[in-house]
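Novice: Okay, here's the prediction I keep looking at, along with the sequence it came from:
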Amino acid sequence: MRRIAFLLERAREPIYRVRAFRTAAETVDSIGLAELVDRVEAGTLTELPGIGKVTATVITEALAGEVPVYLRRLEATGGRPVAEGGAEIRAALRGDLHTHSDWSDGGSPIPEMVRAAAELGHEYVALTDHSPRLTVANGLSAQRLREQLDVVAELNEKGTGIRILTGIEVDINEDGSLDQTGELLGRLDVVVASVHSKLRMKSDEMTERMVTAIANPHVDVLGHCTGRLITGNRGTRPESTFDAEIVFAACERFGVAVEINSRPERLDPPKRLLRLAVEAGCSFALDTDAHAPGQLDWQPYGCERAAACGVPVERIVNTWAVDDLLAWTGRAS
């Protein structure tokens with residue numbers, strides 16, 4: 001059931017379909033195998049909360065030792081070919097540095113996101129929920145972020161088969177300051193800094209705003225730099241305007257990676273700017289900005305764009321081993 005939900009998310013199917021299978025999976029987890037078998041034989045699966053006709057059919061087929069028809073159909077149609085150069089980059093990736101959980105505006109708990117990342121073969125995944133200013137996304141206050149750090153530490157101690165990196169997607173305020181305390185930012189493994197407000201600022205003001213943030217020693221990654229939306233249920237949004245040469249020169253000077261955001265509605269930066277960042281000598285973080293487990297498999301979109309724009313694999317920081325990555329962010333123990 002979780003595999004079906006994952007494939008539905010990857011295919012950008014409506015959230016109500018995804019939720020139906022995740023809810024059904026939670027119900028199955030809460031009861032024993034014996035009761036499931038009894039209910040299948042009695043035809044009473046749909047009396048359980050969260051189990052409908054479709055999910056009951058999936059459970060029945062699975063208990064019979066079959067691959068459910070629903071899953072077979074998704075597996076057969078859900079794959080996406082990756083261009084040759086993009087496949088090489090995807091194979092080199094070791095993790096994802098921009099993901100969200102249900103602590104902010106993601107749809108799944110941290111363990112669900114971590115499990116999906118591990119199943120994709122990642123060695124590490126950074127949890128980067130929003131900062132407090134973004135109230136529409138349930139951004140984390142300083143106290144909530146401290147609580148999340150304890151949760152991540154406990155999960156890492158128990159062992160999940162993957163390293164969970166602490167992080168944040170911190171808002172860049174209008175004056176270029178960051179929307180979280182320096183003390184807390186200094187404790188995090190990865191800090192992604194993004195503009196989410198007043199995206200139509202004048203070019204010179206936006207340039208100063210971004211460069212001020214880039215120069216902050218806590219910042220590791222400049223997230224979705226133009227803020228554009230090119231498709232999706234939120235509609236479209238034009239790029240913010242700024243002096244890209246100055247911004248990318250600052251990224252190169254201060255060692256901040258330019259994010260290659262793989263979300264289909266973003267695909268940010270545009271290819272012309274991605275090529276400019278390559279020419280400027282920037283490093284890159286090829287991320288999904290995932291808000292659900294299935295979205296963690298969106299990296300191929302970014303890989304294809306990186307290959308098309310000549311991004312050197314060795315300059316993509318999440319192709320590095322975790323110790324090298326944390327040495328670069330300055331958080332190595």
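Specialist: Received, thanks. Numbers count the residues shown, from 1 in each chain.

Novice: Please count neighbours and contacts with C-alpha atoms only from this point.
Specialist: Noted.

Novice: Need the pLDDT of Arg17.
Specialist: Looking at Arg17, its pLDDT is 86.

Novice: how does this protein divide into domains?
Specialist: Domains of the chain are assigned by automatic domain parsing as 2-77, 84-329.

Novice: Now do the longest one, average pLDDT.
Specialist: So that's domain 84-329. According to the model, domain 84-329 has a mean pLDDT of 96.

Novice: Centre of the chain to it, how far?
Specialist: Its chain's C-alpha centre and that of domain 84-329 lie 8 Å apart, by C-alpha atoms, centre = their mean, to the nearest Å.

Novice: just the first one next, same as before
Specialist: Its chain's C-alpha centre lies 25 Å from the corresponding centre of domain 2-77 when counted by C-alpha atoms, centre = their mean.

Novice: Rebuild the domains of the chain as CSV, extending it with mean neighbour count.
Specialist: Supplementary listing: the domains of the chain in CSV, determined by neighbours: other C-alpha atoms under 10 Å:
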stretch, mean neighbour count
domain 2-77, 16
domain 84-329, 20
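
Novice: which outside residues touch the helix or strand encompassing Glu245?
Specialist: If you go by DSSP states H and E, Glu245 is part of helix 244-254. Contacts with helix 244-254, where a contact means C-alpha atoms under 8 Å, 6 or more residues apart in numbering, come from 207, 210-211, 214-215, 217, 257-258, 273, 276-277, 280-283.

Novice: Quick check: what element follows it along the chain?
Specialist: Sequence-wise, the next helix or strand downstream of helix 244-254 (DSSP H and E) is strand 257-261.

Novice: That following strand vs helix 244-254, what angle?
Specialist: Angle, strand 257-261 to helix 244-254, by axes from the mean of the first three to the mean of the last three C-alpha atoms, to 10 degrees: 120 degrees.

Novice: residues contacting Trp298?
Specialist: Arg10, Ser262, Arg263, Pro264, Thr288.

Novice: could you say what helices and strands the longest strand seen in the chain packs with?
Specialist: In the chain, with assignment by DSSP state E, the single longest strand is strand 163-171. When contacts are defined as 3 or more C-alpha pairs under 8 Å, 6 or more residues apart in numbering; DSSP states H and E, strand 163-171 sits against strand 124-127, helix 142-158, strand 190-194.

Novice: No more questions from me, cheers.
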